[in-house]
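S.K.: Generate coordinates for the sequence data below:
(one chain, ligands or ions: 2)
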Amino acid sequence: MNIPYNVTMGERNAPCWCGSGKKWKKCHFPRRDSRTECEQHRLQFGVHCKTEEQIQGVRHACRITSKILNDVCRQAQPGVATSFLDSYAVQRMEEEGVASACLGYGSPPFPKSICTSINEEICHGIPSQRILKEGDIVNIDIACISGGYYGDCSQMVIVGGHSSPERENVVAVSKQALLASIQVLKPQVPLKIIGETIASVVKENGKFSIVEMFVGHGVGLKFHEAPQVHHFPNRSLIPLIPGMIFTIEPMINVGTKECVIDPSNQWTALTADSKPSAQWEHTILITEDGHEILTSWDEPL
Ligand code: MF3
Ligand code: CO
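M.R.: Ligands and ions are numbered 1, 2, ... in the order given. Now for the predicted structure:
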């Protein structure tokens, strides 16, 4: 069925054509058939929109994951090794009865339970004996499995609270880009609005670039599901529909968007020009009347 989402309020409130005397919106206004809509998305795009029960499960997984992320971020102080952040996260996951989605993921298997990506590391940094210094910017990325459901989120920490204007700026712009791209999400809007919105925020703020090699993703029943969520301008006309759950996780670079993968571990993505990079990530649910951010950050850190 073709749904007249572009009708005006006046048209929706006008008397129904059937003569019932009721408003059109209360009478023969075409209802979205959510079952057909979800079936369409699965067949056409491989996108699984979640049932109410699944949403409850993912919401719970996201709540725990983001609580652990908030706790780990508070530990990211000068003098602390990233391997400590990893063990602290493992301890918190055990307390909460959840498992890391990252540990053992992929090939070669990701060796740690969280990602810690410092300065010119774009993503997939591996916790190590490296000590955080005042002025480092570090992305902490945590994904957990709770009762079979997945949550995924990340934040930046400016270690010690202050850094160079350039580093502080890329941290701020990447956060602003993510939050702006969430604001516009509601049913029937095409997926490409995310990349467009991120690009417009980045452009307003100078010369930074958007990484294209890594994308956001559907999440919930598996760690990585369809659709891919591009953070740069693209042509995806996949309409957002209620029950879709996906991450947005833009990586913004001070210099070139090009990356190199560290050959020594085959995971860590570094900026090709060694300039800083920053990333923030939320898991988002599309609802009947907009969106819900399932992962919540403590503000301010
Ligand atoms: N948020 C990141 C992602 O979706 C987390 C990566 S964990 C890793 O890819 F195991 F893949 F490193
Ligand atoms: Co992710």
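
S.K.: Show me which residues of the stretch 201-301 of the chain sit near ligand 2.
M.R.: Thr247 (Cβ under 5 Å from the ion). Bear in mind the C-beta positions are built from the backbone N, C-alpha and C, glycine included.

S.K.: try 8 Å
M.R.: With Cβ under 8 Å from the ion as the criterion, the stretch 201-301 of the chain meets ligand 2 at residues Gly216, His217, Val219, Phe223, His224, Thr247, Glu249, Glu281.

S.K.: What is the neighbour count of the residue nearest to the first one when sequence neighbours are not counted?
M.R.: In other words, Gly216. In space, and not counting its chain neighbours, Gly216 is closest to Val229: 3.2 Å by Cβ to Cβ, 6 or more residues apart in numbering. By other Cβ atoms under 10 Å, 24 other residues sit near Val229.

S.K.: Might you report the residue contacts of Val229?
M.R.: Leu191, Ile194, Val215, Gly216, His217, Gly218, Phe246, Thr247, Ile248, Glu249 (Cβ atoms under 8 Å, 6 or more residues apart in numbering).

S.K.: tell me the pLDDT at the residue of the stretch 51-200 of the chain found nearest ligand 2?
M.R.: For the stretch 51-200 of the chain and ligand 2, the shortest gap (Cβ to the ion) falls at Asp152, measuring 4.1 Å. Per-residue confidence (pLDDT) for Asp152: 98.

S.K.: Tell me the spacing between the spatially closest residue to it that is not a sequence neighbour and Tyr105.
M.R.: Distance criterion Cβ to Cβ, 6+ apart; nearest residue to Asp152, sequence neighbours excluded, is Ala143 at 4.1 Å. Applying Cβ to Cβ, to the nearest Å, the value for Ala143 to Tyr105 is 8 Å.

S.K.: If you count surrounding residues, which of the two has more?
M.R.: Taking other Cβ under 10 Å, Ala143 and Tyr105 do not tie; Ala143 has more neighbours (29 against 14).

S.K.: so which helix or strand takes in the more buried one?
M.R.: Ala143 is part of strand 137-146, with elements assigned from DSSP states H and E.

S.K.: Among the contacts of Val229, which one has the most neighbours?
M.R.: Ile194 (29 neighbours).

S.K.: how about the helices of this protein, start to end?
M.R.: In the chain, the segments counted as helices under DSSP state H are 9-13, 34-45, 52-75, 82-96, 165-183, 193-204.

S.K.: How about the last one, which residues are buried there?
M.R.: Going back to what we said before, that points to helix 193-204. Ile194, Gly195, Glu196, Thr197, Ile198, Ala199, Val201, Val202 (16 or more other Cβ atoms under 10 Å).

S.K.: what angle do it and helix 165-183 make?
M.R.: Orientation check (axes from the mean of the first three to the mean of the last three Cα atoms, to 10 degrees): helix 193-204 against helix 165-183 gives 150 degrees.

S.K.: Point out the other helices and strands that helix 193-204 packs with.
M.R.: The contact analysis (3 or more Cβ pairs under 8 Å, 6 or more residues apart in numbering; DSSP states H and E) places helix 193-204 against helix 165-183, strand 209-210.

S.K.: what's the burial count for Pro233?
M.R.: Neighbours of Pro233 (other Cβ under 10 Å): 13.

S.K.: ok, it - contacts?
M.R.: Counted by Cβ under 8 Å, 6+ apart, Pro233 has contacts Lys192, Gly195, Glu196, Ala199.

S.K.: measure it to Cys49 for me?
M.R.: Distance from Pro233 to Cys49, by Cβ to Cβ: 25 Å.

S.K.: and what of Asn169?
M.R.: Using Cβ to Cβ, Asn169 is found at 37 Å from Cys49.

S.K.: Look at those two and report which has more neighbours.
M.R.: Cys49 (23 against 18).

S.K.: Now the more buried one: phi and psi?
M.R.: Note on Cys49: backbone dihedrals following degrees, to the nearest 10 are phi -80, psi 150.

S.K.: I'd guessed it sits against Pro239; true?
M.R.: No - using Cβ atoms under 8 Å, Cys49 makes no contact with Pro239, being 11.3 Å away.

S.K.: on that earlier part again, can you put the helices and strands packed on helix 193-204 in CSV and add mean pLDDT?
M.R.: Output for these, formatted as CSV (pLDDT from 0 to 100):
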stretch, mean pLDDT
helix 165-183, 98
strand 209-210, 98
